[in-house]
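Enquirer: what follows is a predicted protein model with its sequence.
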Amino acid sequence: MVEKRLSTKTQVILTLIFILVMALLLWWADKGFDSYKQRVLRLIGIYAIMAVSLNLINGITGIFSLGHAGFILIGAYTAAILTLTPAEKEMSYLFGIQPWIKNLHADFFTATLAGGAVAAFSAFLIGWPVLRLSGDYLAIASLGFAEIVRIWANNALTVTNGPLGLKAIPEYSTTWWIYGWLLFTVVFIASLVYSSYGRALKAIREDRIAAEAMGINVFKHQLMSFVVGAFFAGVSGSLYAHWLTTIDPRITTMGPMLTFYILIMIVLGGLGSITGSLIGAAVFAILFEWLRDLEQPFSFFGIQVPGIPGMRILVISALFIAVMIFWQRGIMGREELTWNNLYKWLSGRKKEGERS
Amino acid sequence: MNQGVFFLQNLFNALMLGGLYALIAVGYTMVYGILRLINFAHGDIMMMGVYFAFYTAVIFSAPPLVAAIVAVAGAAGLGFLIDRIAYKPLRNAPRISALITAIGMSFFLESFAVVVFGAVPKPFIQIFKDKTILNKVVMLGGARIPLLTFLVILLTLVIFAVLFLIVYKTKIGMAMRAISMDIPTTALMGINVDGVIGFTFALGSALAAASGIMWAMRYPNVYPYMGFMPGMKAFIAAVVGGIGSIPGAVVGGLLLGFIEIFMVSYFPTMSGYRDAFAFIILILILMFKPSGILGKKSVEKV
């Protein structure tokens, strides 16, 4: 049976047109939206980078890491320390500051790169012990790593300003920076996944022992995926810090809660699908903002309900459990939304049943 | 204060903290032994148990002992229910799905507590009419040991005695041990597997609630996120002792309690990092002896 496919040239042209259309849409949205909608739009982009990078680790390589918030925190602090000027740092560090940290200064792009690099390096270090484990031990150990990082940020007063956090970080994260980085992230990770490395990663996910028997160096590949994922987590952390403008090491800012949110995005979108992660991130961000109304006072069939703080996390987690029980494949499953799949679907040639 | 007295005080604190960790760790280890599932929500079941006790005492002005019994029963019911609703449908799904669901359940319980009980920490001591109980001390060789510490250690010992009786001397305990070895074969022997799993969840949750109530008496607040850290540390204790083994949970819990208390009191500058110790121990033990102190070595079959 001959499968109908689009030629590579058509695909490239379609992709370029798509990027152009998206850029125009973004330009329009960036100009036309009020500042609240603009912030949500930017948050979607940041969440998307976080989701795609965690998806590379969890969904595609099958390493169940819960340490993403740790890498995001490292990226956020590194970048924020770099973009704050020495004078600003001297003002906000109440417990004194390491001189070498005080004098570090860089522009936003370099700072973001540095955030990614430091996160990647820490992934490289922590990967040696953690990736020797498997399954749920790895999950706990990586969660432990994230907690250690957070506790360190809470205690290393002269480096991170401790529990006070960093304030007055310039709001450099414009729509263009964020979506530019997102484009780079998606292109990079998609190229990785479709290369021979990506095939090896998927083989490891399906059956680690069989992959090893086929001559794949499991540890090396896992480490690479972990480091790449952490790099983009660090980048997203920098963008996040310059979007939030205030960062601190509390559980709710960059602790287990954030990892949980990203986990929801990738599970909702479909573990193992890059386009799924993008959709999941957008759906989550919009849903989460929309549910904000639940925490405001509202009237329900004439009954005045007072605003209940925490309600939206309750709804989100209930929804999440329901997704896990009834709809494990998520929106995309492991499929990707590619031009070929779209074409097949449009021309009604999508065959019934399993496609491998 | 001389060295000996200082040591004695820390010894009792460590025994108490270790015992509390051990009580929670048993719940993790029993569930993991049977289902190979880290019940992430276990620490939060403990938190719910404490709230049950708090509200039973405050609303119905029940005496503390009655409130504690109600709370333990309530937590057992909650544990059973969580297994039925969230974990049972995923018994045959990939193990990672059940783990993700457990994480979701943990956040669900935490936000449930925030919504229903409020995020503000509440003083647990309110459940006692006689509030001086916290201040009573016992003098022991020059050391001032709070009466509460003695009580907690004693109660922990009693609870463990009962637990070992249940697990090693009763029929249901035998069924639990059988299931942890081989589920399909046990089912063929005519044992109601789901019933026994439900019982395991209920038993573990009851112990967690008991531990939580004692925890809240000693560290006297109750708040929605109180279960997270003790839960994590108890899980680490279970791994350190050898997951799946109940004596291992006791050894691991005590070890963790001792390390934490003695590190903090002999190296006070490190006290900010007390929550990080446990995770460092975890990573070390997983690197050098992944099966834990008392655990059996298992080889992955292809």
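Expert: Looks like it came in fine. Residues are numbered from 1 along each chain as shown, chains lettered A, B, ... in the order given.

Enquirer: whatever residue of the stretch 201-302 of chain B ends up closest to chain A and A:Leu66, how far apart?
Expert: When CB to the nearest CB is the measure, the stretch 201-302 of chain B has its nearest residue to chain A at B:Phe279, with 3.3 Å between them. (Glycine included, C-beta is placed from N, CA and C.) Taking CB to CB, to the nearest Å as the measure, B:Phe279 falls 12 Å from A:Leu66.

Enquirer: so what's the residue nearest the centre of chain A up against?
Expert: Centroid-nearest residue in chain A: A:Met50, 0.6 Å away (criterion: CA atoms, centre = their mean). Going by CB atoms under 8 Å, 6 or more residues apart in numbering or on different chains, A:Met50 touches A:His68, A:Ile72, A:Ala233, A:Ser236, A:Tyr240, A:Leu258, A:Ile262, A:Met265, A:Ala281.

Enquirer: before we move on, back to that, so the residue of the stretch 201-302 of chain B closest to chain A makes contact with B:Val239?
Expert: No: B:Phe279 is not in contact with B:Val239 according to CB atoms under 8 Å; the separation is 11.0 Å.

Enquirer: more crowded one of the two?
Expert: Using other CB atoms under 10 Å in any protein chain shown as the criterion, B:Phe279 and B:Val239 rank with B:Val239 on top: 30 against 21.

Enquirer: where's the more buried one, which helix or strand?
Expert: Assigned by DSSP states H and E, B:Val239 belongs to helix B:228-241.

Enquirer: buried residues of whatever helix or strand comes next after that helix, list them for me.
Expert: Following helix B:228-241 in sequence order, the next helix or strand is helix B:246-266 (DSSP H and E). Buried residues in helix B:246-266, defined by neighbour count with 16 or more other CB atoms under 10 Å in any protein chain shown: B:246-261, B:264.

Enquirer: the inter-axis angle of helix B:246-266 versus helix B:228-241?
Expert: In this structure, helix B:246-266 runs at an angle of 120 degrees to helix B:228-241, with axes from the mean of the first three to the mean of the last three CA atoms, to 10 degrees as the basis.

Enquirer: ok, then the element right after helix B:246-266?
Expert: Of the helices and strands lying after helix B:246-266 in sequence (DSSP H and E), the nearest is helix B:274-288.

Enquirer: now the helix holding B:Val239 - C-alpha only, PDB.
Expert: What follows is the C-alpha trace of helix B:228-241 in PDB, where atoms were taken according to Å, rounded to 0.1, in the frame of the first residue of the first chain:
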ATOM      1  CA  PHE B 228       4.500  17.000  52.300                       C
ATOM      2  CA  MET B 229       7.900  17.000  54.100                       C
ATOM      3  CA  PRO B 230       7.200  14.300  56.700                       C
ATOM      4  CA  GLY B 231       5.700  12.300  53.800                       C
ATOM      5  CA  MET B 232       8.800  12.700  51.700                       C
ATOM      6  CA  LYS B 233      11.200  11.900  54.600                       C
ATOM      7  CA  ALA B 234       9.100   8.900  55.600                       C
ATOM      8  CA  PHE B 235       9.300   7.600  52.100                       C
ATOM      9  CA  ILE B 236      13.100   8.100  52.200                       C
ATOM     10  CA  ALA B 237      13.100   6.200  55.500                       C
ATOM     11  CA  ALA B 238      11.300   3.300  53.800                       C
ATOM     12  CA  VAL B 239      13.800   3.300  51.000                       C
ATOM     13  CA  VAL B 240      16.800   3.500  53.300                       C
ATOM     14  CA  GLY B 241      15.500   0.600  55.400                       C
END
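
Enquirer: distance from the chain centre to it, please.
Expert: 8 Å (CA atoms, centre = their mean, to the nearest Å).

Enquirer: what helix or strand is the residue nearest to the centre of chain A on?
Expert: Assigned by DSSP H and E, A:Met50 falls in helix A:35-55.

Enquirer: who are the packing partners of the helix or strand that comes right after that helix?
Expert: Using DSSP H and E, the helix or strand that follows helix A:35-55 in sequence is helix A:68-83. For helix A:68-83, the packing partners by 3 or more CB pairs under 8 Å, 6 or more residues apart in numbering or on different chains; DSSP states H and E come out as helix A:35-55, helix A:108-130, helix A:135-155, helix A:218-244, helix A:251-254, helix A:256-269.

Enquirer: can I get the ones you listed in TSV with distance to B:Ile283 and mean pLDDT?
Expert: Putting the helices and strands packed on helix A:68-83 into TSV (distance: least, CB to CB, whole Å; pLDDT from 0 to 100) gives the following:
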stretch	distance to B:Ile283	mean pLDDT
helix A:35-55	21	92
helix A:108-130	6	92
helix A:135-155	5	86
helix A:218-244	15	93
helix A:251-254	20	78
helix A:256-269	17	90
